[in-house]
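Enquirer: Dropping a prediction and its sequence here:
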There are 2 protein chains.
Amino acid sequence: MSSARSAASSQGDGAVLSRAMEAAAEIRGRISNGELKPGDRVPEAKLAESLGISRNTLREAFRTLSQEGLITQVPNRGACVAIPNINTIIDIYRVRRLIECQAVSEALPRHPALAQMRAAVEEALTHREQDDWQSIAGANIRFHQAVFELADSPRLNRLYVQLATELRLAFGLIDDPEYLHAPFLERNLEIVELLEAGNTQEAAAHLKEYLFLAERILLAGYERLDRG
Amino acid sequence: MSSARSAASSQGDGAVLSRAMEAAAEIRGRISNGELKPGDRVPEAKLAESLGISRNTLREAFRTLSQEGLITQVPNRGACVAIPNINTIIDIYRVRRLIECQAVSEALPRHPALAQMRAAVEEALTHREQDDWQSIAGANIRFHQAVFELADSPRLNRLYVQLATELRLAFGLIDDPEYLHAPFLERNLEIVELLEAGNTQEAAAHLKEYLFLAERILLAGYERLDRG
DNA sequence: GCATATTTGTCCGTATGTATA
DNA sequence: CTATACATACGGACAAATATG
């Protein structure tokens, strides 16, 4: 047993992945699909065994995840899956409004990301006919990823991946995807069409209102959570 | 030998620092003050010994720094201090224009960050009388940090810290702070005064032009670097 | 309030893979 | 092509901090 397989350790790019990066990806997945829920403790020993890696390697993965905001580490008390609180939500939507609206408002005509936006909307509309809200949520995330890509900035794209991951945690807490995503299908379509028509300013205004509403709905869900 | 001193491992917050976080901070410092220059190789074994920590612990620090973009890790060839290339510069300034200009344009009147902006400008003006360009560079970084803070977003503030660190690497490559920072002292002052007068739109326009110019100057310095 | 068990933080020694001399 | 150097990864060990009885 024990071998150094296919080592490496550049960031998210792709290419070769170190064991630690594989582990980080695996944990990310378990969080995404609900296997690990916000607040769950993540003991080093057990997880390392379950992943078939050593504790040392797992700790490297923890550093990555901690910096992404997916887990929180408290001194000598280990790690647990992060619980996005209201401040987190507010901050994330503040960032999204600032960046997404500006990206839309300065979008170049016929930008490649526009096609991705339309594709995501069409996909969501298809899934709605089957009431597949899980897939709709995914399509919605891709829609906004495409919005970020309008800005043509690798760094902003990376930022979005992190925001989206944190948001998925929050969505998981609410656990009613129809309630969360239903109001936005038509709005996504409107925004795409405004952009395709070259009307960037109105598209940005729509998006801003949209993001305020989304924030409000999510925060309202949180409040209901606190009461019972 | 070997003891667990004052363990921990939350992110940059502060509080207690793990050995790994201390190491990361120390390396960050060595890069900032020029002890480590872009492109320098950073061998695990030597550095671990020099810092008085084990390789495993150092590797945790490397993960952190790698994710911050301060070092680059290539598969099985170890780590070296990141060399910001032209694409990096272009991307960083694209991000800064998008965020800083929007932050200024939506700045609230009498926002606390405004006082920090003015303080940074005054400080820079004082240092200029002594031709202390190192300190002027620092003040300039604080100026733009304050601009980011106009947006009231912890996540954007963290983003700026990362951008600034990468930029410092690039500035270090040019190594002529007067050339880099001289043109911007008066402009900083103008922007503060426009903002204090409540003229957010004009301030944002000024800042946009400013950031385009800064990018151009830095890129020009790069080009000269390649030739000579 | 105290003794014990658990878990973390850290280190060492070592094996294996990859790139370069 | 072999040899060397170094990075990746593993397992085991122990002290300190925390949780538990």
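Expert: Perfect, I can see it now. Numbers count the residues shown, from 1 in each chain, chains lettered A, B, ... in the order given.
Enquirer: May I have the lowest-mean-pLDDT helix or strand in chain A as PDB, with CA atoms only?
Expert: None of the helices or strands of chain A scores lower by mean pLDDT, DSSP states H and E than helix A:177-181, at a mean of 82. Listed next in PDB are the C-alpha coordinates belonging to helix A:177-181 (Å, rounded to 0.1, in the frame of the first residue of the first chain):
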ATOM      1  CA  PRO A 177     -35.900  24.500  -4.700                       C
ATOM      2  CA  GLU A 178     -39.300  25.400  -6.300                       C
ATOM      3  CA  TYR A 179     -39.800  28.200  -3.800                       C
ATOM      4  CA  LEU A 180     -36.300  29.400  -4.400                       C
ATOM      5  CA  HIS A 181     -36.000  29.200  -8.200                       C
END
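Enquirer: ok now whichever helix or strand comes after that helix, how far from the chain's centre?
Expert: Next helix or strand after helix A:177-181 toward the C-terminus (DSSP states H and E): helix A:185-196. With CA atoms, centre = their mean, to the nearest Å as the basis, helix A:185-196 stands 21 Å off its chain's centre.
Enquirer: go on, stretch A:160-174?
Expert: 5 Å.
Enquirer: likewise stretch A:44-60?
Expert: That offset, for stretch A:44-60, works out to 25 Å (CA atoms, centre = their mean).
Enquirer: Ok, stretch A:123-131 next?
Expert: 20 Å.
Enquirer: now the helices: where do they sit in chain A?
Expert: Under the criterion DSSP state H, helices of chain A are mapped to A:19-32, A:44-51, A:55-68, A:86-105, A:112-129, A:133-149, A:154-174, A:177-181, A:185-196, A:200-227.
Enquirer: so which of those helices comes closest to DNA strand C?
Expert: Comparison of these against DNA strand C by CB to the nearest atom of the strand identifies helix A:44-51 as nearest, at 3.7 Å. To be clear about C-beta, it is placed using only N, CA and C from the backbone, and glycine gets the same treatment.
Enquirer: Can you list the buried residues in the closest one?
Expert: A:47-48, A:51 (16 or more other CB atoms under 10 Å in any protein chain shown).
Enquirer: closest to residue A:219 among those residues?
Expert: residue A:47 (32.1 Å; CB to CB).
Enquirer: Which residues are in contact with that closest one?
Expert: A:27, A:58 (CB atoms under 8 Å, 6 or more residues apart in numbering or on different chains).
Enquirer: any idea how far DNA strand D is from it?
Expert: 12 Å (CB to the nearest atom of the strand, to the nearest Å).
Enquirer: And that residue, what's its pLDDT?
Expert: We have a pLDDT of 92 for residue A:47.
Enquirer: quick one: it from residue A:22, how far?
Expert: Distance of residue A:47 to residue A:22, computed by CB to CB, to the nearest Å: 13 Å.
Enquirer: Residue A:94 against residue B:150, yeah?
Expert: No: counting by CB atoms under 8 Å, residue A:94 does not reach residue B:150; the two are 11.8 Å apart.
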